[in-house]
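Participant: model this:
(chains A, B, C and D)
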There are 2 protein chains.
Amino acid sequence: MNRSTNDHRELVQSLRGSGHRLTPQREMVLGVIADSETHLTAEQVLARVRKQHPHLNKSAVYRSLDLLTEIGLVTVTDLGGGKSEYELLRQPSHHHLVCNKCKHVTVMDNALLVPLGRKIKAKYGFQPSLHHFAIFGTCHKCQTRSAGHKKR
Amino acid sequence: MNRSTNDHRELVQSLRGSGHRLTPQREMVLGVIADSETHLTAEQVLARVRKQHPHLNKSAVYRSLDLLTEIGLVTVTDLGGGKSEYELLRQPSHHHLVCNKCKHVTVMDNALLVPLGRKIKAKYGFQPSLHHFAIFGTCHKCQTRSAGHKKR
DNA sequence: ATATCAATTGCAACCAGTTGCAGTTAGAGT
DNA sequence: ACTCTAACTGCAACTGGTTGCAATTGATAT
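Facilitator: Below is the predicted model of the structure:
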C-alpha cells in the first residue's frame, strides 16, 4: 500500500502554515489509521503504533489524534461505547443510528444528511463535518417491545 | 415550583412495566435536573444532590442519569467539553453547532432537523432522539482564517 | 552548519466515569 | 403484615483519557 506517500504529503500540507510541526509520532499515528480499513479506538491505535515503536507514550497518541481531527485528515465518532472511534477521512461517508436501549447500530445512507449540511452552511456559514455521524434514538424493535428487556 | 408533582407521576409511569424500580436516589436525581433551567454535568448533579443528601454515592447518580436518559425523561449531549450535559426533556428543542477548531458553540434552530428526523423514521423505522443535538464542524470565522491562530 | 525558541514529547499524577460484587430494598405475591 | 427475590446501591478498584511541567526537538533565521 503506497497510500502513505499521499498521506504524508497531505499531512505536511495540513500542518504547514498553522504553526504545527511534523513529528515522527504524528506520522506513525496517521500511518496506522491510514492502513486500517475500519474505525479504530485510541487504544487500538496506541497498540499498533507500539508494535513498531514500543516506547511511544500514550499522551502523544491522544494528542496526535486530536490534532489530526482538527486539521481534517481524520474523523472521530462516538458510537456510544464510551470510546471514540477514529478513521481516515474518506469518501463516501457513512453514518450510524445507535439505539439507546439495546445499543444496536444501523448503518445510515449519506444521502439523508446532504440536505441538512447544505441548509446549515447556507443559514449559519458553519461547515458541518457530516462525514461520519452518529444519531442516537430508539430502534424499530425497541419501539414495539418498549417494555421489558435490558441492555446489550 | 410544583413541577415535581408532574415529574414524579411521569417517572413512576416511565419506570412501571419495564421492570425498573422507583428509588429515592432516582427521584433525587430527577428532582435536581427538573429544577435546573440549563444543562448540568453529572458532576454538578452529584454536587446538588449531595447538598440535601451528603452520603449519596456517585455510581448511583451516574446510573440514574443513564436510566433517566434511556426512559426518555432526560437528554444527554456531548458538547465537546469532555463531559456529558444532562437536561430535562422539554419542548421546544434546541441544538448546537460546535467548532472543532475554536470550540465556539452556536445555537441552531430546530426546524432544520425536522425533515431529517422524518426521513430517518420513514426509511429505517428508527426513532431518532433529535431533542438536543450537537453537530461538529468548522465555524464561519475559522474557515476564512483557516491558517494560523490557536484555540480560545 | 549552528543557534534559537516555541511546539512538542514523556512522564506521573490526576480526573471523570465504569465495573464487579456483597449487602440492601422496592414492590409483587400471599 | 410478612416473605421473597430480582433490582438496586455503596464501595473500592479500575479504565480511558487529560494535564502540568521539565526536557527535547523541528523548523526558521543567521
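
Participant: Report the contact partners of the one residue in chain A that gets nearest to DNA strand D.
Facilitator: Of all residues in chain A, A:Leu22 sits closest to DNA strand D, at 3.3 Å by CB to the nearest atom of the strand. For the C-beta atoms, the positions are set from N, CA and C on the backbone; glycine is no exception. Residues in contact with A:Leu22 (CB atoms under 8 Å, 6 or more residues apart in numbering or on different chains) are A:Leu11, A:Val12, A:Leu15.

Participant: Return the residues of chain A in contact with DNA strand D.
Facilitator: Residues of chain A lying near DNA strand D by CB under 7 Å from any atom of the strand: A:15-16, A:21-24, A:41-43, A:58-59, A:62-63, A:66, A:82-84.

Participant: coming back round to it: could you flag which of the contacts of A:Leu22 are buried?
Facilitator: The neighbour-count criterion (16 or more other CB atoms under 10 Å in any protein chain shown) marks A:Leu11, A:Leu15 among the contacts of A:Leu22 as buried.

Participant: restrict the contacts of A:Leu22 to those near chain B?
Facilitator: Of the entries in the contacts of A:Leu22, none also sits close to chain B under the rule CB under 8 Å from any CB of the partner chain.

Participant: Let's see which of the contacts of A:Leu22 end up in helices.
Facilitator: A:Leu11, A:Val12, A:Leu15 (DSSP state H).

Participant: Can I get those in a markdown table including pLDDT?
Facilitator: Output for the ones in helices among the contacts of A:Leu22, formatted as a markdown table (pLDDT from 0 to 100):
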| residue | pLDDT |
| --- | --- |
| A:Leu11 | 85 |
| A:Val12 | 86 |
| A:Leu15 | 88 |
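
Participant: between those residues, which is nearest A:Leu73?
Facilitator: Within these, proximity to A:Leu73 (CB to CB) peaks at A:Leu11, which comes in at 6.7 Å.

Participant: And for the closest one, nearest residue in space, chain neighbours not counted?
Facilitator: Using CB to CB, 6 or more residues apart in numbering or on different chains and skipping residues adjacent in sequence, the residue nearest A:Leu11 is A:Leu30, 5.7 Å away.

Participant: OK, contacts around the one you found?
Facilitator: Taking CB under 8 Å, 6+ apart as the definition, contacts of A:Leu30 comprise A:Asp7, A:Leu11, A:Ser64, A:Leu68, A:Leu73, A:Val74.

Participant: quick one: low-confidence parts of chain A?
Facilitator: Of all residues in chain A, those with pLDDT under 70 make up the ranges A:1-5, A:17, A:91, A:145-152.

Participant: mind listing the strands for it?
Facilitator: A:40-41, A:74-78, A:84-88, A:95-99, A:105-108, A:127-128, A:134-138 (DSSP state E).

Participant: do you know which of the ones you listed lies nearest DNA strand C?
Facilitator: strand A:74-78 (11.3 Å).

Participant: Show me what that closest one packs onto, helices and strands only.
Facilitator: helix A:58-70, strand A:84-88 (3 or more CB pairs under 8 Å, 6 or more residues apart in numbering or on different chains; DSSP states H and E).

Participant: Output the last one as CSV, restricted to C-alpha atoms.
Facilitator: In other words, strand A:84-88. Only the C-alpha atoms of strand A:84-88 are listed here, as CSV (Å, rounded to 0.1, in the frame of the first residue of the first chain):
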residue,chain,number,x,y,z
SER,A,84,-14.1,7.4,20.5
GLU,A,85,-13.5,5.8,17.1
TYR,A,86,-11.0,7.3,14.7
GLU,A,87,-10.9,6.8,11.0
LEU,A,88,-9.2,8.2,7.9
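
Participant: List the contacts of that strand.
Facilitator: A:7, A:33-34, A:36, A:38-42, A:45, A:65, A:68-69, A:73-79, A:132.

Participant: Can you list the strands that that strand pairs with?
Facilitator: strand A:40-41 (antiparallel), strand A:74-78 (antiparallel) (DSSP bridges).

Participant: I'd like those strands written out as JSON lines, with mean neighbour count added.
Facilitator: Output for these, formatted as JSON lines (neighbours: other CB atoms under 10 Å in any protein chain shown):
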{"stretch": "strand A:40-41", "mean neighbour count": "20"}
{"stretch": "strand A:74-78", "mean neighbour count": "19"}
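
Participant: Turn those into CSV, including distance to B:Cys142.
Facilitator: Converted to CSV, those look like this (distance: least, CB to CB, whole Å):
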stretch, distance to B:Cys142
strand A:40-41, 27
strand A:74-78, 17
